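Peer 1: any chance you can model this:
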Amino acid sequence: MTATSILHITNGTAIISGMRSAGIEGVIVPWEDALHEGPVPQGLNVAAMRDRRAEFLAACGWGRSVELNRMLAERDAALESAASRLDPGRPESRARVEEIVLWFEFDLYDQLQLLQVLERLPLDGSPRVTAVADDEYLGHLSPARLGAIFTTRREVTSAERLAARDAWTAFRSPDPRTVLDVLPRVTVLRHLGVTFGVLRKERCNGDPARRLGNDLLFSQLAEPNIEHIRQSNVKKMLTICPHCVRTISEDWRDFGATFEIEHHSEFLARVRSQLPASASPEKVVFHDPCYLGRYKGVYEEPRAVASLAGDVIDPPRARNRSRCCGAGGGLAFLGEEKGKRVNVDRAEELVATGAGIVGAACPFCQTMFRDALGAVTQTPPKLLDIVQIAAASLPRDGSGPVS
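Peer 2: Residues are numbered from 1 along each chain as shown. The predicted model follows:
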């Protein structure tokens, strides 16, 4: 019989003596880093991120770089061991970590650390992850109070771990608008009670490389994705990108892949009756993405979702005659060599309708119109993906709509 243990991850050292006085057993690891300041770039592994953070913290005068790196390394190693269910306090033994308890507060300093911790934990519910919370600062609580809130800790669900992973990725993105794209998707799926997950090693599907004729790069992107999806035993995929739908369902067949994938407009249209409409309706002009409309013949579903925000109208060129946003065929990465940019031309049409919202259903279209709408008018309409429209009127813990 192997021994069992608990790993406590705290928001600092101030709480530790109180926890010990309360008789709370287990290994305690303080998770200390001011993540709201300094670099947290995408694309770095744990070791490289640790080096970057130690360098920054040392430059702020919070210690020597070598000592800070060692502190962060010990912290990271403890979490990695616990995520593998090995007791970081007894690595040489067969002791097993059965639970990770998170002690964090509601301020930005703590919440960013919490996201970082949850991003590094598996989604399969092993080991068990729980969270302790209180309205007061944890470091100010008496041992008796710490003991009491420890007994009322609650489970952190797989959906919450996934939401944290998405939020951490968005926080590290060089484009701050990524946060606005992530939160509505999670909000809607959780509202609907949908069980979902994400691929940890997901890469681009290879669509831009394929359209630009670089079949070697396309294969280098597609094949590892296919292998990872198969190993993950994925049954069905949901995506916000029509390019993903087209490439995965059609082009990946060259490599023997036959995955079921659905665009979020079709999914959201099926569950539309479970989504509340806006209490302040506006006029919405919907732009048909090329790979959703002309290539797939999906026109009514995204309009049904967009109608949650108000009346949906079409621009002059719509449906099977819709104007491209300017990103197709790899043009998003190349740009036009002469003449007016396609995205500006299309944005002028959309603005001329007088609609207060431009509805989109493709991340490429979103990117192209973000720049173009601002170039066309000083008072551009709101640019919203249909999932942002679907999330806008959902209750937040019963207290009101999501802003």
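Peer 1: so which residues make contact with the one helix or strand residue 358 maps to?
Peer 2: Residue 358 belongs to strand 357-360 when assigned by DSSP states H and E. Residues from elsewhere that reach strand 357-360, judged by CB atoms under 8 Å, 6 or more residues apart in numbering: 282-287, 289, 302, 306, 309-310, 312, 350, 366, 369, 373, 381-386, 389. For glycine as for every other residue, the C-beta is placed from the backbone atoms N, C-alpha and C.
Peer 1: listing partners with orientation, what would you give for that strand?
Peer 2: The sheet places strand 357-360 alongside strand 284-286 (parallel), strand 382-385 (parallel), with pairing taken from DSSP bridges.
Peer 1: and these, which is most packed in?
Peer 2: Of all the strands paired with strand 357-360, strand 284-286 has the most neighbours on average by mean count of other CB atoms under 10 Å, namely a mean of 25.
Peer 1: and whichever helix or strand comes after it, what does it pack against?
Peer 2: Per DSSP H and E, the first helix or strand lying C-terminal to strand 284-286 is helix 300-306. If you count contacts as 3 or more CB pairs under 8 Å, 6 or more residues apart in numbering; DSSP states H and E, helix 300-306 packs onto helix 264-270, strand 284-286, strand 357-360, helix 386-392.
Peer 1: centre of the chain versus the third one, how much separation?
Peer 2: Between the centre of strand 357-360 and the centre of its chain there are 21 Å (CA atoms, centre = their mean, to the nearest Å).
Peer 1: report the mean confidence score over the following helix or strand past that strand.
Peer 2: The C-terminal neighbour of strand 357-360 among helices and strands, as given by DSSP H and E, is helix 363-376. Taken as a whole, helix 363-376 has a mean pLDDT of 88.
Peer 1: ok so, going back, can you redo the helices and strands packed on helix 300-306 as TSV with mean pLDDT and distance to residue 244?
Peer 2: Putting the helices and strands packed on helix 300-306 into TSV (pLDDT from 0 to 100; distance: least, CB to CB, whole Å) gives the following:
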stretch	mean pLDDT	distance to residue 244
helix 264-270	96	10
strand 284-286	98	20
strand 357-360	96	15
helix 386-392	92	14
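Peer 1: between those, which gets nearest to residue 147?
Peer 2: For the helices and strands packed on helix 300-306, the distance to residue 147 is smallest for helix 386-392, at 39.0 Å, taking CB to CB.
Peer 1: by contact count, what packs against that closest one?
Peer 2: Taking 3+ CB pairs under 8 Å, 6+ apart as the contact cut, helix 386-392 packs with helix 178-192, helix 264-270, helix 300-306, strand 357-360.
Peer 1: wait, residue 97 sits on residue 5?
Peer 2: Yes. Look at residue 97 against residue 5 with CB atoms under 8 Å: they come within range, at 5.5 Å.
Peer 1: if we can go back for a sec, make JSON lines out of the helices and strands packed on helix 386-392 and add mean neighbour count and distance to residue 139.
Peer 2: Listed next are these as JSON lines, based on neighbours: other CB atoms under 10 Å; distance: least, CB to CB, whole Å:
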{"stretch": "helix 178-192", "mean neighbour count": "18", "distance to residue 139": "29"}
{"stretch": "helix 264-270", "mean neighbour count": "20", "distance to residue 139": "43"}
{"stretch": "helix 300-306", "mean neighbour count": "22", "distance to residue 139": "46"}
{"stretch": "strand 357-360", "mean neighbour count": "26", "distance to residue 139": "46"}
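Peer 1: nearest residue to residue 320 in space, please, no chain neighbours.
Peer 2: Nearest residue to residue 320, sequence neighbours excluded (CB to CB, 6 or more residues apart in numbering): residue 294, at 5.6 Å.
Peer 1: need the pLDDT of that neighbour.
Peer 2: As predicted, residue 294 sits at a pLDDT of 94.
Peer 1: show me the contacts for it.
Peer 2: Residue 294 makes contact with 288, 320, 322 under the criterion CB under 8 Å, 6+ apart.
Peer 1: of the helices and strands packed on helix 300-306, which is nearest residue 326?
Peer 2: Using CB to CB, the helices and strands packed on helix 300-306 put strand 357-360 closest to residue 326, at 12.9 Å.
Peer 1: returning to that earlier point: quick one, which of the strands paired with strand 357-360 is nearest to residue 81?
Peer 2: The minimum distance between residue 81 and the strands paired with strand 357-360 falls on strand 382-385, with 39.9 Å, by CB to CB.
Peer 1: what does the closest one rub up against?
Peer 2: Contacts of strand 382-385 (CB under 8 Å, 6+ apart): 181, 184, 240, 309, 356-361, 363, 366, 369-370, 373, 392.
Peer 1: show me what the host helix or strand of residue 170 is packed against.
Peer 2: In this assignment (DSSP H and E), residue 170 forms part of helix 158-172. If contacts are counted by 3+ CB pairs under 8 Å, 6+ apart, helix 158-172 sits against helix 108-119, helix 178-192.
Peer 1: which strands or helices does the shortest one pack on?
Peer 2: It stands for helix 108-119. The criterion is 3+ CB pairs under 8 Å, 6+ apart, and the helices and strands that helix 108-119 contacts are strand 96-103, helix 158-172.
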